[in-house]
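*Asks:* Next input, structure requested:
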Amino acid sequence: MSTYNNIVRRVIPKVGFHQNHYARRLEECIPRDAVWLDLGAGTKLHDGYGVLTSAQLASRARLLVGIDPVTSHLSRNEWISAAAGAIGDALPFADGSFDMVTANMVIEHLEEPRAVFSEVLRVLRPGGSFVFVTPNLNHPAIRLADILVSKKARTTLAVAVEDREAEHVFPTFYRANTPRSIERLASTLGFARVNIEVHRNIPFFRRPAIATAVESLFIRACDEIRLLRFMGADIVAVLTK
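*Replies:* Numbers count the residues shown, from 1 in each chain. Below you'll find the predicted structure:
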């Protein structure tokens, strides 16, 4: 067992993985034979485990369209049935085209989230859902990184402490990354229902071990102390048209 896993299992054994929470919401929201649009689709639908796999979720869709400005990633995504090199603020689809729109760790990268949310609302059918997972800017580590670390340095930091591949690290803006900002934006644009959950996630810091331990202790405090729960690392939201 790695040092990271050992610390997590000892300090916060009950804390879940944000990708698992996201996968469960997808399972709940996707209708049978859905026409589904995945924003910033990249190479996969989710990284969860112990939940419905990407293959199982994709099998529920009659059509699963992935868009991403990095088209080389789309070519490696085996779950989508159609792809387009596009961005969220100019969706090349007719009004009311989709039963569900999703975004896995994409919202934080939006420079103009209002334009993207507006486009999502436009292409959703009445009753359709916009389901997404994104970091919570109320989390101290995310807030401090946003204030103190340059966008260029964040790429280096993500590769160094989160074991992420550089090709999957993009500039972050965090302009719709608190429950309040999401709810306000959704209400202003006219989404009929808004469900927002804040989740405690496993630690960002995979090294050094002391950083993993300190973050794990903070996560446990957020789980045990009600007043700190708004500081959970991730938001899973379902906005319904």
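
*Asks:* Under the pLDDT cut-off, which ranges of the chain? List them.
*Replies:* The chain contains residues with pLDDT under 70 at 1, 149-170.

*Asks:* And the longest strand anywhere in the chain, what's buried?
*Replies:* Longest strand in the chain by number of residues (criterion: DSSP state E): strand 124-135. In terms of neighbour count (16 or more other C-beta atoms under 10 Å), strand 124-135 has its buried residues at L124, G128, S129, F130, V131, F132, V133, T134, P135. From N, CA and C alone the C-beta is placed, and that goes for glycine too.

*Asks:* Tell me the strands beside it, with direction?
*Replies:* strand 98-104 (parallel), strand 234-240 (antiparallel) (DSSP bridges).

*Asks:* Buried deepest among the ones you listed, which one?
*Replies:* Comparing the strands paired with strand 124-135 by mean neighbour count (mean count of other C-beta atoms under 10 Å), strand 98-104 ranks first with a mean of 25.

*Asks:* give me the number of residues near E27?
*Replies:* Residues near E27, counting by other C-beta atoms under 10 Å, number 13.

*Asks:* Quick check: it touching T53?
*Replies:* No - using C-beta atoms under 8 Å as the test, E27 is too far from T53 to be in contact (10.6 Å).

*Asks:* returning to what we had before: P208: which of the strands paired with strand 124-135 is closest?
*Replies:* P208 sits nearest to strand 234-240 of all the strands paired with strand 124-135, at 22.9 Å, using C-beta to C-beta.

*Asks:* residues making contact with the lengthiest helix in the chain?
*Replies:* As assigned by DSSP state H, the longest helix anywhere in the chain is helix 209-224. Here helix 209-224 makes contact (C-beta atoms under 8 Å, 6 or more residues apart in numbering) with 3-4, 7-8, 11-12, 14-15, 140-141, 161, 200-206, 228-229, 231-233.

*Asks:* Then stretch 9-27?
*Replies:* Residues contacting stretch 9-27 (C-beta under 8 Å, 6+ apart): 1, 8, 45-52, 57, 102, 104, 131-133, 197, 199-202, 213, 216-217, 219-220, 223, 233-234, 236, 238.

*Asks:* likewise stretch 60-78?
*Replies:* By C-beta under 8 Å, 6+ apart, stretch 60-78 touches 30-44, 58, 79-88, 91, 93, 98, 167.

*Asks:* distance between the ends of it?
*Replies:* 15 Å (C-alpha to C-alpha, to the nearest Å).

*Asks:* Which parts of that stretch count as buried, going by neighbours?
*Replies:* Of all the residues in stretch 60-78, those buried under the rule 16+ other C-beta under 10 Å are R60, A61, L64, V65, G66, I67, D68, H73, L74, N77.

*Asks:* again with stretch 75-90
*Replies:* So for stretch 75-90, counting by 16+ other C-beta under 10 Å, buried means N77, W79, I80, A83, A84, A86, I87, G88, D89.

*Asks:* now swap in stretch 16-29 and tell me
*Replies:* So for stretch 16-29, counting by 16+ other C-beta under 10 Å, buried means G16, F17, H18, Q19, N20, H21, Y22, A23, R24, R25, L26, C29.

*Asks:* Assign the first one to helix, strand or coil.
*Replies:* Each residue gets one of three states, and G16 gets coil by DSSP: H, G, I helix; E, B strand; the rest coil.

*Asks:* So it versus A55, what's the distance?
*Replies:* G16 sits 22 Å away from A55, going by C-beta to C-beta, to the nearest Å.

*Asks:* just the helices in the protein please.
*Replies:* Under the criterion DSSP H, helices of the chain are mapped to 3-11, 18-29, 54-58, 71-74, 113-123, 140-148, 151-162, 179-189, 209-224.
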